[in-house]
Every structure is written in C-alpha cells, then in structure tokens.
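Peer 1: can you look at this prediction? I've put the sequence above it.
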Amino acid sequence: MIVEPIQYNMIEVFKTNVSEQQQADKLIGLLLNLLPNSNINFDLEDCDKVLRINHEMIEPDQIIGLLISNGFDCRVME
C-alpha cells in the first residue's frame, strides 16, 4: 500500500472593494502567478467582496500588497 503524505492547505479570506468581474479575473491571474496551483475566487455578490484563497502557503501581506498595488483595498477578514 502506498501512503501519500497529507498536504495541509491554508484558506485565507480577505475583504476587498473589487466590484467587477473583469477586475476580479485580472487579479486572479496575478494571484495565480504568485501562488501557482491555488484555488482563488471572488464572491462579488457578498457585501464584503470576499476573496478566498486556498493554497499550501499563504502570506497575507503579499496578497494585500498585490491588491493595493493594483488600486484596490484588501484586508484579512477576522
């Protein structure tokens, strides 16, 4: 029997001010360059315009910096 190592993924949730799908799509592309093989999505229907990222290692400051450098507000949801 082959036992594969358990891979623990982190999920981080951010509040943003991204309001349009085109903006979200552009940011997802940039985020995938930063975090390849991750699951990233925006919930633009939510009042907090939620960004969810599922990846093995997430540095929230990098995510926040990327969104801010592209003109958006972003902070970790508590």
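Peer 2: Cool, the structure landed. As the structure is a computational prediction, the values presented were derived from the model and not from experiment.

Peer 1: rounded mean pLDDT for whichever strand or helix holds Leu67, please.
Peer 2: Element membership for Leu67, per DSSP states H and E: helix 60-69. Across helix 60-69, pLDDT averages out at 97.

Peer 1: pull out the buried residues from it.
Peer 2: Buried residues in helix 60-69, counted by 16 or more other C-beta atoms under 10 Å: 63-64, 66-67. (Each C-beta comes from the backbone N, C-alpha and C, glycine too.)

Peer 1: quick check: next helix or strand after it?
Peer 2: Where DSSP H and E defines the elements, the next helix or strand beyond helix 60-69 is strand 74-76.

Peer 1: related to what we said a few turns ago, out of the buried residues of helix 60-69, which comes closest to Ile40?
Peer 2: Taking C-beta to C-beta as the measure, Ile40 sits nearest to Ile63 out of these, at 9.5 Å.
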